[in-house]
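Asker: Generate coordinates for the sequence data below:
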Amino acid sequence: MKIAVLGTGMVGRALAGRLAGLEHDVVVGTRDVEQTLARTEPGSMGTPPYAEWQQATPAVRLLPFHEAGAHGELILNATAGAQAMAALEATGAQNLTGKVLLDLAIPLDFSHGMPPQLLVANTDSLGEQIQRAFPDTRAVKTQGAARRALQISNGGLCPQLRPRPASRGKRAEPLDTPGPELARSRQAVSRRRAARRACGPR
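Answerer: Here you go, the predicted model:
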């Protein structure tokens, strides 16, 4: 399957690498390819520069958001929550129409220090905002509360996309998607787990 992972951070890299290892045709989307590859300093969470990961994972191509969206039959939103809407707008509604969008982004607000708060909560959620902005896209809120190791493990997201001999070359079956309001509770759980990780063990 052709899969586009939006976002070059830890989550995006983990998912892209694992999915490529499962024989999918995977690309990663970013705002500016040259700028992303030119960075030499670690990210805010100590993530190594993307160029180092790219060199170790040559099967995964890095493309601008709109090209990545055009490539993907399935789209994974692994961007930082605060930048998710801008990234999807750059990807283009025409490249999202009719496709399943797995949204892993958590709209965390670090502007007031730790633990982080949610940019949107209670009466709305990022998942609902995405679905309203892109009504012809099948947005599914998933995996936001899970650690990266679980997301790519045998019980996580990636094995559900493992190719099976009988299904190779065929289109994926549609996913059953719950109501978008469920994204609010999932988002809240994700925020609490992020806060616990940020504060460390007690």
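Asker: Distance check, Asp73 against Gly9.
Answerer: If you look again at residue 73, you'll see it is Glu, not Asp. 23 Å (CB to CB, to the nearest Å). Where you see a C-beta, it was placed from the backbone N, CA and C, and this is true even at glycine.
Asker: Ile3 now?
Answerer: 17 Å.
Asker: out of these two, which sits in the more crowded spot?
Answerer: Neighbour count, other CB atoms under 10 Å: between Ile3 and Gly9, Ile3 has more, with 24 against 15.
Asker: Run through the bridge partners of the more buried one.
Answerer: Val26, Leu74 (DSSP bridges).
Asker: contacting residues around it?
Answerer: 19, 24-27, 72-76, 161 (CB atoms under 8 Å, 6 or more residues apart in numbering).
Asker: Can I get these in JSON lines including distance to Ala51?
Answerer: Formatted as JSON lines, the contacts of Ile3 follow (distance: CB to CB, whole Å):
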{"residue": "Leu19", "distance to Ala51": "20"}
{"residue": "His24", "distance to Ala51": "22"}
{"residue": "Asp25", "distance to Ala51": "22"}
{"residue": "Val26", "distance to Ala51": "17"}
{"residue": "Val27", "distance to Ala51": "16"}
{"residue": "Gly72", "distance to Ala51": "22"}
{"residue": "Glu73", "distance to Ala51": "27"}
{"residue": "Leu74", "distance to Ala51": "26"}
{"residue": "Ile75", "distance to Ala51": "24"}
{"residue": "Leu76", "distance to Ala51": "21"}
{"residue": "Leu161", "distance to Ala51": "26"}
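Asker: Just the element for His112, please.
Answerer: For His112, there is no host helix or strand (DSSP states H and E).
Asker: count of neighbours near it?
Answerer: Other residues close to His112 by other CB under 10 Å number 8.
Asker: same check, this time on Gly46
Answerer: 7.
Asker: a strand runs through it, doesn't it?
Answerer: No - using DSSP: H, G, I helix; E, B strand; the rest coil, the assignment for Gly46 is coil, not a strand.
Asker: for the chain, which spans come out with low pLDDT?
Answerer: Flagging of the chain using pLDDT under 70 yields the residue ranges 109, 116, 119, 143-202.
Asker: rerun that using 50 as the cut-off
Answerer: 148-152, 155, 164-177, 201-202 (pLDDT under 50).
Asker: Before I go, just wanted to say thanks for your time.
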